[in-house]
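**Q** please work out how this folds:
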Amino acid sequence: MRHESPRVTVSGVHDLPELSEVDAVISIADPGDGRPVVVETLGAPVLELTFHDADGDLLDWVPETWHVERVQRFLQQFQPAWLHVHCFAGMSRSTAMASAALACLVPELSDEEVVASILRERPHATPNKLLLEAIDLVLERCLEDAWRREQRY
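**A** Residues are numbered from 1 along each chain as shown. Predicted coordinates for the structure are as follows:
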């Protein structure tokens, strides 16, 4: 019997898919923003993360390694077969964090395979560089390099 790999999907708040069958959600928002109503009504566990789509500006709440560690713990606890990750636009924070989640859920995937999977899901992905740096530190991966080779930032 073939074991199915976990499904990781990505969206923004304006193109959230039907999530009634999802096992878990990572909801990324700007400070002060709430999660979308459709996410609030889910019966699935939701991990809320709050930070800006930061480029290092002094006023930004930047993504940090502890955000990635929270994702690791969340995934270990719930081990979802279908994880959905969203941020406001579904392009930067969510695609970076979806990369981390897929690397955690299927650690045997190479960095290039993780990137290819996320690009199939979100072809216009431009993952947040600061978040990728934090992910690589925690997971001891080279996802930032793999994304750079795809000329995504």
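
**Q** distance of Met98 relative to Thr41?
**A** Quick fix: residue 98 reads Ala, not Met. Distance of Ala98 to Thr41, given as Cβ to Cβ, to the nearest Å: 22 Å. The way it works is simple: take the backbone N, C-alpha and C, and place the C-beta from them, glycine included.

**Q** check Ser27 too.
**A** In terms of Cβ to Cβ, Ser27 sits 13 Å off from Thr41.

**Q** neighbour-wise, which of those two wins?
**A** Ser27 (22 against 9; other Cβ atoms under 10 Å).

**Q** for the more buried one, which residues are in contact?
**A** 35-36, 39, 46-49, 86 (Cβ atoms under 8 Å, 6 or more residues apart in numbering).

**Q** please apply the same query to Ala29.
**A** Ala29 touches 35, 48-50, 87-88, counting by Cβ under 8 Å, 6+ apart.

**Q** just among those, which is most surrounded?
**A** Among the contacts of Ala29, the one with the most neighbours (other Cβ under 10 Å) is Cys87, at 27 neighbours.

**Q** that one contacts Ala96, correct?
**A** No. Assessed by Cβ atoms under 8 Å, Cys87 is found out of contact with Ala96, at 9.1 Å.
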